[in-house]
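> Give me a 3D structure for the following:
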Amino acid sequence: MAHPQGGKNKVRLLLSPAQPVSRSWLVSPVRRGYMLPAIIPFWSPRMRSHRLLVTSLLFIGGLAAVDPIQHAPVHDRPWKETFGMTLKGKDRTYVVYQDNSYLLAQPEDLADPAFLHGKDLVVAAKLGRIANGTVTFYNLPKVVSSGPTELWRTRIDGDNLYVFGRFTLAAGVQYFAITAAETAPSDQQIIEKKLAGIPADNFDARLAAAAWARDMGVVQGNREFWLVAADNIISQVVDDAVAKAETAKDVALILKAMGWCQDLLRDIPRAARIGSAAWIRQVGGAGAEDVAKYMRRWDLEFYGGQWRPRGEALAQEFQDRFAAIGWRDAEGYYKLGRWADANAEVLPRSRELSYRAYQSGFRANNSHNGIRRELGMEAAKEGGDAGSQQGEFKDTLSGISIPTPPGWNRANPIGGDATWIDPASDTAYITAKVLRNLPNLTDFAGIWASQVSSAQGKAEFTSIAEEKLTFAKGQAKLLRYSYREGRYQRIAALVVVINPAGNSALRLDANGADTEAEAVTKQLNELFAQVIIPDASSLPGAKTDSDPKKPGTAPIPAQVPQPEPNGDAAN
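Model prediction:
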């Protein structure tokens, strides 16, 4: 086919005898999906560039599946006309842009740079760096590209572009001299276009689109974006499949969704949550058993209405068992600690959890020899409570004295300096704590607020009442409140009492079950009435007005001992 040389610009087809135009393509009214009702080849002298005109042409086709051009909406393409030719035995697409024709390059064409040599191309490219007139594209790593600076002034890294220019090959190096660049659809638009024609209930086709997105991540520069997009597509497919399965009670579809979680998302916990739906167990049958087999294959256990990783299931079981143990059930805590140690290979933080159980058991009964052995302590003496403290509590620094409530036993401290427990109850106790290093004992409101804040931080804290108490040497106040501890509601009371003259402050806490609230609060009030907080001057070793070391006191003259008369002195 001859190339006309007339006119200002030469024809951009750049065909050679080795690349003939298929004449059968020109005369066939219908060929491989191309509708050609009227095809008249002629050279128009009215056109500034001689080119092949094709009237009433509808071209259907494009690049391979990994090329974003085929997914761009027609109205987003910067050319208005396309036509096809057969080059090297393959159908090719040309576009008409600014009165010039450009070969629409396909990704596989770059593997044969000799084929592209000397041709005008349009390529869908993702912009990379721009420096010293050279531009790089993420999906054209082996091509040395260049173009006018003004083409890139408003562009940023990662932009999708259609770039037009001349491709050449010299000494094995690929060059692309770019003359124009147009904005191409964004990656998100490309994905939306890909999914737009797929029915929502065609899960296989949507998963194929996810696989396509992952393939795109290989050839695009922003690989992470495409991989995340693929995961999002899969995740949405899983959600839609689960919703459909629940409506139709379709356990087979649930098994598919679980398989997609495993094979495509690598998300076994999500598969476990899907397979834990209550309706699956209600349906029962072989399908429900297959779900259970899946779970056991993944080393999951069913606990608390949920299939969980075995370690998570054991941890949840520990928390539930711990919350169910009575406050004074030392043996229960001991057995729970031993259970945690026995499951050390699977139970997360097993040593920490077993120690927590032993500590709670020790507070319940500090003479339990099994617990003492686990805590590295000597065995308790038979017939006595090892380490138990008897009698009233007395603080040697402040002189604060608190008697033991009648009928109660003093035990190892729980969050304070002294604790008394009610032997008739598994939960009731009173704790005393001396408040030390307070900056200003005259600021009762500030001290009260700081102490109350510790109670307010408890689960489901609810204030019941506040009242001032009468204290002759200072101030005192009571707060009654409730909170939740595990599965149980607790009733508690807090008293703060301050004696500025004694430079001392004390906090009392009473705690019990909701059925014990009245008795525990009454015992706390009786105990408060017996608290002794002496003034500083009454403490042993306090300085008096006659103390020579006290500032402003004159020293007492030293008495010089006189020798008693004796025989030697008389002589």
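> Let me see the mean pLDDT of the longest helix seen in the chain.
If you go by DSSP state H, the chain has its longest helix at helix 223-248. Computed over helix 223-248, the mean pLDDT rounds to 95.
> What helices and strands are in contact with it?
The contact analysis (3 or more Cβ pairs under 8 Å, 6 or more residues apart in numbering; DSSP states H and E) places helix 223-248 against helix 187-196, helix 203-219, helix 251-260, helix 268-275. (Glycine included, C-beta is placed from N, CA and C.)
> Dump those into CSV; add mean pLDDT, mean neighbour count and distance to residue 170 as well.
Output for these, formatted as CSV (pLDDT from 0 to 100; neighbours: other Cβ atoms under 10 Å; distance: least, Cβ to Cβ, whole Å):
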stretch, mean pLDDT, mean neighbour count, distance to residue 170
helix 187-196, 92, 17, 33
helix 203-219, 92, 18, 25
helix 251-260, 95, 20, 49
helix 268-275, 92, 21, 54
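> Let's have those in JSON lines, adding distance to residue 454.
Shown next, in JSON lines, are those (distance: least, Cβ to Cβ, whole Å):
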{"stretch": "helix 187-196", "distance to residue 454": "51"}
{"stretch": "helix 203-219", "distance to residue 454": "52"}
{"stretch": "helix 251-260", "distance to residue 454": "46"}
{"stretch": "helix 268-275", "distance to residue 454": "36"}
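> Can you list the buried residues in stretch 172-182?
Using 16 or more other Cβ atoms under 10 Å as the test for burial, stretch 172-182 gives 174-176, 178, 180-181.
> My error: substitute stretch 148-163 in the last question.
So, applying 16+ other Cβ under 10 Å, buried residues of stretch 148-163: 151-152, 159-163.
> Start and end of that stretch, how far apart?
From its first residue to its last, stretch 148-163 covers 12 Å (Cα to Cα, to the nearest Å).
> Determine how far stretch 170-183 lies from the middle of the whole chain.
45 Å (Cα atoms, centre = their mean, to the nearest Å).
> Just the residues contacting it, thanks.
78, 97-98, 110, 113, 121, 123, 135, 140, 142-148, 151-152, 155, 159-169 (Cβ atoms under 8 Å, 6 or more residues apart in numbering).
> could you turn it into CSV, dropping everything but the C-alphas?
Extracted in CSV, the C-alpha atoms of stretch 170-183 (Å, rounded to 0.1, in the frame of the first residue of the first chain):
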residue,chain,number,x,y,z
ALA,A,170,18.5,2.4,19.5
ALA,A,171,21.3,0.1,20.7
GLY,A,172,18.9,-2.0,22.6
VAL,A,173,17.5,1.0,24.5
GLN,A,174,13.8,1.8,24.3
TYR,A,175,12.9,5.5,23.9
PHE,A,176,9.6,7.2,24.0
ALA,A,177,9.5,10.9,22.8
ILE,A,178,6.2,12.2,24.2
THR,A,179,4.4,15.0,22.5
ALA,A,180,1.0,15.0,24.4
ALA,A,181,-0.5,13.7,27.6
GLU,A,182,-4.2,13.5,28.6
THR,A,183,-5.8,12.6,31.9
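> could you check the distance from residue 479 over to residue 118?
To residue 118, residue 479 is 90 Å away according to Cβ to Cβ, to the nearest Å.
> Looking at those two, which has the bigger crowd around it?
Comparing residue 479 with residue 118 by other Cβ atoms under 10 Å, the one with more neighbours is residue 479, at 19 against 12.
> Residue 175 is in what secondary structure piece?
Using DSSP states H and E, residue 175 falls within strand 173-183.
> Pull up the pairing partners for that strand, direction included.
Partner strands and pairing direction for strand 173-183 (DSSP bridges) are strand 143-146 (parallel), strand 160-170 (antiparallel).
> could these go into a markdown table alongside mean pLDDT and distance to residue 263?
Below are the strands paired with strand 173-183 laid out as a markdown table (pLDDT from 0 to 100; distance: least, Cβ to Cβ, whole Å):
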| stretch | mean pLDDT | distance to residue 263 |
| --- | --- | --- |
| strand 143-146 | 93 | 37 |
| strand 160-170 | 95 | 31 |
